[in-house]
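>>> Make a model of this:
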Amino acid sequence: MSSTSNAVIIIPTYNEIENIDLLVRSVFSVAGDFHILVVDDNSPDGTAMLVEELIVQFPEKLHLIKRKGKLGLGTAYIAGFKWALARTYAYIFEMDADFSHNPKDLIRLYNACHKEGNDLAIGSRYATGVNVVNWPMSRVLLSWGASKYVRFVTRMKIHDTTAGFICYKRKVLETIHLDKIQFLGYAFQIEMKFKAYKSKFKIVEVPVIFTDRTKGESKMSTGIISEAIFGVLKMKIKSFFNRYEI
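Numbering: from 1, shown residues only. Okay, here's the model as predicted:
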């Protein structure tokens, strides 16, 4: 593969030492010329140190931002977006570090934007039913119900509104005022989609199978869920007024 690429995958990490080595190698092994940016929130388990070792093996293709602490998923992605926009990438991805997102699906998301002309491609768990593996029923219902709720409140024609497996065309992230993003947790995913929707970008859902992590610990919490539930209402109400900023 060449050292130049038009696509970068942003992977936020916190204590993902069990997953990151294999994930980096898996992404680089799929067909396509992707770069990776890991945004690590000072993982106590040494995730960033391992990434630094991998950078020696994959120079110019693997990159790392080390942050001072656990500052939230949304701020990690925004730091990654700004890093990517300061460079020449045309396609910027979001991807989890825990193998819940299959690296083989990266090509499908990329093609949905690059070949099919969409501005935002979502790796969707719910576009064709419920495609989730290894989740307890309670969590499936919570996630599926949250997406239904968000779809109802926002009127977005998106089945998986909380999805975190995404390909953005560069112009989407250039249009959205990243410093005005309010949410830090999973509601960040909803807010980004809502602002893209309000900006009239072409959004498509690409059906994927989501597999729950087998190594490491989930970062889900009740605070994250409540932020999503109440934040969406606040976001929608604000959007009725001219002061709502994209």
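>>> contacts, neighbours, all on C-alpha from now
Will do.
>>> which residues in this protein form strands?
Taking DSSP state E as the criterion, the chain contains strands spanning 7-13, 34-40, 62-66, 91-94, 120-124, 132-133, 166-169, 203-207, 210-211.
>>> And the average pLDDT for the last one is what?
It stands for strand 210-211. Taken as a whole, strand 210-211 has a mean pLDDT of 88.
>>> neighbouring contacts of that strand?
Residues from elsewhere that reach strand 210-211 (C-alpha atoms under 8 Å, 6 or more residues apart in numbering): 99-102, 125, 131-135.
>>> Nearest to Glu191 among those?
Nearest to Glu191 out of the contacts of strand 210-211 is Arg125 (C-alpha to C-alpha; 18.2 Å).
>>> For Ile17, see how far away the closest one is.
26 Å (C-alpha to C-alpha, to the nearest Å).
>>> who has more neighbours, those two?
Arg125 (25 against 22; other C-alpha atoms under 10 Å).
>>> Excluding chain neighbours, what is closest to the more buried one?
In space, and not counting its chain neighbours, Arg125 is closest to Asn131: 5.0 Å by C-alpha to C-alpha, 6 or more residues apart in numbering.
>>> Number of residues surrounding the one you found?
15.
>>> Check whether it really touches Ile209, as I assumed.
Yes: between Asn131 and Ile209 there is a contact at 4.9 Å, judged by C-alpha atoms under 8 Å.
>>> list residues touching both of those two?
Arg125.
>>> Check the residue nearest to Arg125 and give its pLDDT.
At Asn131, pLDDT is 72.
>>> and stretch 132-144, how far from the chain's centre?
Taking C-alpha atoms, centre = their mean, to the nearest Å, one finds stretch 132-144 lying 19 Å from the centre of the chain it belongs to.
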